[in-house]
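Peer 1: Sharing a sequence plus its predicted fold:
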There are 2 protein chains.
Amino acid sequence: MKAEILTIGDELLRGEIIDSNKSHLSERLLSLDIESHWHSSVRDEPEDMIDAFRRAADRADVVLVSGGLGPTRDDLTSEVLARSFGRELVLDESALETIRAFFRSVGREMTENNATQAYFPDGSEILANPIGTAPGFVLEIEGTPIFCMPGVPRELYRMMDEQVLPRLSARMEKGGEVVRARLLRTFGMGESTLDAELVDIAAGGGVTLGFRTSFPDNYLRPVARGATARDAEAKLDRVCAAIRERLGDLVYGEGEETLEAVTGRLLVEQGRTVAVAESCTGGLLAEKITDVPGSSAYFLGGVVAYANEAKTALLDVPEAMLAEHGAVSDPVARAMAEGVRVRFGASIGVSTTGISGPDGGTEEKPVGLVHVGIASDEGTHADAFVFPLDRARHRALTAQIGIDWIRRRLLGVALEGPTLLRRRGGASTPGAPTQGGGERA
Amino acid sequence: MKAEILTIGDELLRGEIIDSNKSHLSERLLSLDIESHWHSSVRDEPEDMIDAFRRAADRADVVLVSGGLGPTRDDLTSEVLARSFGRELVLDESALETIRAFFRSVGREMTENNATQAYFPDGSEILANPIGTAPGFVLEIEGTPIFCMPGVPRELYRMMDEQVLPRLSARMEKGGEVVRARLLRTFGMGESTLDAELVDIAAGGGVTLGFRTSFPDNYLRPVARGATARDAEAKLDRVCAAIRERLGDLVYGEGEETLEAVTGRLLVEQGRTVAVAESCTGGLLAEKITDVPGSSAYFLGGVVAYANEAKTALLDVPEAMLAEHGAVSDPVARAMAEGVRVRFGASIGVSTTGISGPDGGTEEKPVGLVHVGIASDEGTHADAFVFPLDRARHRALTAQIGIDWIRRRLLGVALEGPTLLRRRGGASTPGAPTQGGGERA
């Protein structure tokens, strides 16, 4: 099945926003092993839209359209799609009532222009939008379903998962084959190493294993085919179990669950708390942890100690230690983790101190060097790494290690650093994965 | 002039990376008032590429291609473009030498596959790539220039500005008209309000004024036409002066300069330092400030005080005050700013305390309420706002206010909050601008 994804809106063509919807939809389609062959975007111009709709219906087996479903003058998708294929635009009373009900539920009066959102090309099937005013719809043109969804990411994502994917899956099952997929999230091993580690698992058995990099994580996407859903799910169970057996705690979660969310859940389950002491990550570690709603249940706080005086005054790092070893050192990383743990009265203290660059490196302590520390009842540990990355990715990777070390402490497993990058003084492996291959020339 | 932007790469169509190159290129084209009518992406498949190249050359006046210039097997742009228009692929000796020199300069041996990057369709003009191995090129097909550039963002951006835009500008000048543009960055006023404020300035005089939202900022993009570059620049000078006169300190910078970079420069110039006390922003304020290379010159550090005990122990907020007013209050915001300023011995202390949600709100203190505080020799100030935004944007907007207040203190101007959102107890204006219109249905 060849898919085309078509997004509509002047703001896209003016470059006012980065269109992340296309990549999200392509990724979700791949969960059914449907490959996107074309990504297209056009302005809110009827001629351009008609041309794009007809071409897409002509060359693709399935078309996903995002945008242009709103109530304003420049939301033309329904009207223009109808015109493109000679369909009437018809009012759907139940959709209109749903829109009215939505406005009632948020205590607002429905303005008349919102009624336009209840008109669809004749023959369309309506796709529910439980969190927005614009319903979606699917229109089939000569065997090619054209799914039209809102451009609002959260509405689009939900409609894709709840309305579109099940329908596509059903269509494929008619073809006598069921496709099911899962996403395993890993941190700490490079894509090529993962590939080599899992080569035998990936082979055959009606399961294909896909890889995806979302720096600094790597995701595994097993896709299983079977005669029935049960059959496909059973294959996925087998493969996922084999992968987890092979990779152990490198797999931190499944599906949409982020590392900070997984770690937060463990903290709640064990009734433990965290405080962080940051130098080179400059607040990013705390920011990631508190990005999780409800994190106040286990995150007590943190100290960003850029200046040495701050490390001494707020984290009780001895001046003598800073003088002897320098701020970027294992002893200081340990002292920072212990200091912040005591200051906040937390179960676990985590620290980062390093040189994210672009300047500040020396022969002995190069740009990219970072020390990460952790302190808890289990004891205090620190390790050093050299990450040859730009400032932003150096900080992101370091913060991720800090969170992963909390997770590893809570699981009682070894405090591994990422093998995808050079460990200070350790074996040298090729550099960091580029962001999802995004840095390919 | 109608432009098409075509990006090439399997990783795009698999949704492995979000394609930000298209929006960047469209935005840069608009600086010459060239509108993108089509965005397209295809896989590294010759048939798909040929089809896309021919269609683009046929319907657009200028085509920008990104990706597929690398040395690997799946980098096919030059070869397939040549085939699409019946051109030979020819070796450019000087380009080959340049590639060799690049490898020498980084102390590496050029592998043979890199030589493929020195072959171009017959009749192409080569575009220099000073920071990468893959040169770009432009091939003209029946009056339509097709510019081919690398997919690596930093190489692409530089080649676009240094090689492509000047050539396009020159082509347009042949048309007897010069187009020049600037970008003014503002924070604190909504797009529609800006539009109304500047309506008379925007009108006529050979200058058009564009607006762009990059939450929480709003950018102004005056585009001037003239008989000569000097003429166009003079018009821009007049308009930009008028805008700055009208908006005053709402304009914080020009071009690529971020608010945190502008504020950092002011801190260095005035030899002053900063420390931050964060509750609801959870480290984001510190993270943004330290995102600027060299920020260690003026950023001493910060405290993320999620727990009340931390506010007392590390920021010296009186327990009685927390008990009487609650953590989310003006007195506590002031005490946090003063406390962190003293603890770090900084010239300026900034604080945030609020309810970013989704939970934790009450009748009296709703989700979205936030208090921002600042303390310096000029005195201590705090103010409260209610931002009806999701957690991520509530945190982003609050952090931006914190940085903007540092800038305003350094400039000696009023500590304005954003008028684009409801001030607590103040007049109610429509809600926040959605991210660059990205949340349009």
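Peer 2: Structure's in. What do you need?
Peer 1: drop to CA atoms for contacts and neighbour counts, all remaining ones
Peer 2: Noted.
Peer 1: Now do stretch A:181-196, average pLDDT.
Peer 2: When pLDDT is averaged along stretch A:181-196, the result is 86.
Peer 1: what does it contact?
Peer 2: Applying C-alpha atoms under 8 Å, 6 or more residues apart in numbering or on different chains, the contact partners of stretch A:181-196 are A:31-32, A:211-213, A:216-224, A:236, A:240, A:250-255, A:416-420, A:432-433.
Peer 1: how long is that stretch end to end?
Peer 2: One end of stretch A:181-196 to the other measures 21 Å (C-alpha to C-alpha, to the nearest Å).
Peer 1: can you pull the buried residues of that stretch?
Peer 2: Going by neighbour count (16 or more other C-alpha atoms under 10 Å in any protein chain shown), the buried part of stretch A:181-196 is A:181-191, A:194-195.
Peer 1: Of the contacts of stretch A:181-196, grab the buried ones for PyMOL.
Peer 2: In PyMOL, a selection of the buried entries from the contacts of stretch A:181-196 looks like this (16+ other C-alpha under 10 Å):
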select buried, chain A and resi 31+32+211+212+213+216+217+218+219+220+221+222+223+224+236+240+250+251+252+253+254+417+418+419+420+432+433
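Peer 1: Go back to the contacts of stretch A:181-196 and keep what's next to chain B.
Peer 2: Filtering these for proximity to chain B by C-alpha under 8 Å from any C-alpha of the partner chain leaves A:212-213.
Peer 1: Distance of A:A128 relative to A:P150?
Peer 2: On the measure of C-alpha to C-alpha, A:A128 and A:P150 end up 11 Å apart.
Peer 1: I'd assumed A:M172 was in a strand, is it?
Peer 2: No - under DSSP: H, G, I helix; E, B strand; the rest coil, A:M172 sits outside any strand and is assigned helix.
Peer 1: contacting residues around it?
Peer 2: A:M172 sits in contact with A:178-179, where contact means C-alpha under 8 Å, 6+ apart.
Peer 1: and what of A:L411?
Peer 2: No contacts exist for A:L411 under C-alpha under 8 Å, 6+ apart.
Peer 1: what's the distance between it and A:R265?
Peer 2: 12 Å.
Peer 1: With A:F102 instead?
Peer 2: In terms of C-alpha to C-alpha, A:F102 sits 33 Å off from A:R265.
Peer 1: Over to A:F211?
Peer 2: 26 Å.
Peer 1: repeat for A:D316
Peer 2: Distance from A:D316 to A:R265, by C-alpha to C-alpha: 30 Å.
Peer 1: Check A:M160 too.
Peer 2: Taken as C-alpha to C-alpha, the span from A:M160 to A:R265 is 27 Å.
Peer 1: The two: which is more packed in?
Peer 2: A:M160 (24 against 15; other C-alpha atoms under 10 Å in any protein chain shown).
Peer 1: re the thing from before, in strands, which of the contacts of stretch A:181-196 fall?
Peer 2: The strands, defined by DSSP state E, take in A:211-213, A:217-224, A:251-254 from those.
Peer 1: pLDDT below threshold where in chain A?
Peer 2: A:174-176, A:204, A:420-441 (pLDDT under 70).
Peer 1: and with 50 instead?
Peer 2: A:420-441 (pLDDT under 50).
Peer 1: Please parse it into its domains.
Peer 2: A:2-175, A:179-254, A:259-421 (automatic domain parsing).
Peer 1: Let me know which of the ones you listed is tucked in deepest.
Peer 2: Burial of these is given as mean neighbour count (mean count of other C-alpha atoms under 10 Å in any protein chain shown); domain A:259-421 ranks first at a mean of 22.
Peer 1: and it, how far from the chain's centre?
Peer 2: Domain A:259-421 sits 23 Å away from the centroid of its parent chain (C-alpha atoms, centre = their mean, to the nearest Å).
Peer 1: what does stretch A:170-179 give?
Peer 2: Using C-alpha atoms, centre = their mean, the distance from the centre of stretch A:170-179 to the centre of the chain it belongs to is 28 Å.
Peer 1: Which residue ranges of the stretch 51-200 of chain A form strands?
Peer 2: All strands of the stretch 51-200 of chain A, identified by DSSP state E, counting those that start in this stretch, fall at A:62-66, A:89-91, A:119-121, A:125-127, A:136-141, A:144-149, A:178-181, A:184-187.
Peer 1: Please produce a markdown table containing the ones you listed, extended by distance to B:E260.
Peer 2: Converted to a markdown table, the strands of the stretch 51-200 of chain A look like this (distance: least, C-alpha to C-alpha, whole Å):
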| stretch | distance to B:E260 |
| --- | --- |
| strand A:62-66 | 34 |
| strand A:89-91 | 50 |
| strand A:119-121 | 47 |
| strand A:125-127 | 43 |
| strand A:136-141 | 41 |
| strand A:144-149 | 37 |
| strand A:178-181 | 43 |
| strand A:184-187 | 31 |
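Peer 1: between those, which one is nearest to A:K365?
Peer 2: strand A:184-187 (25.8 Å; C-alpha to C-alpha).
Peer 1: partners of the closest one in the sheet?
Peer 2: strand A:217-226 (antiparallel), strand A:251-254 (antiparallel) (DSSP bridges).
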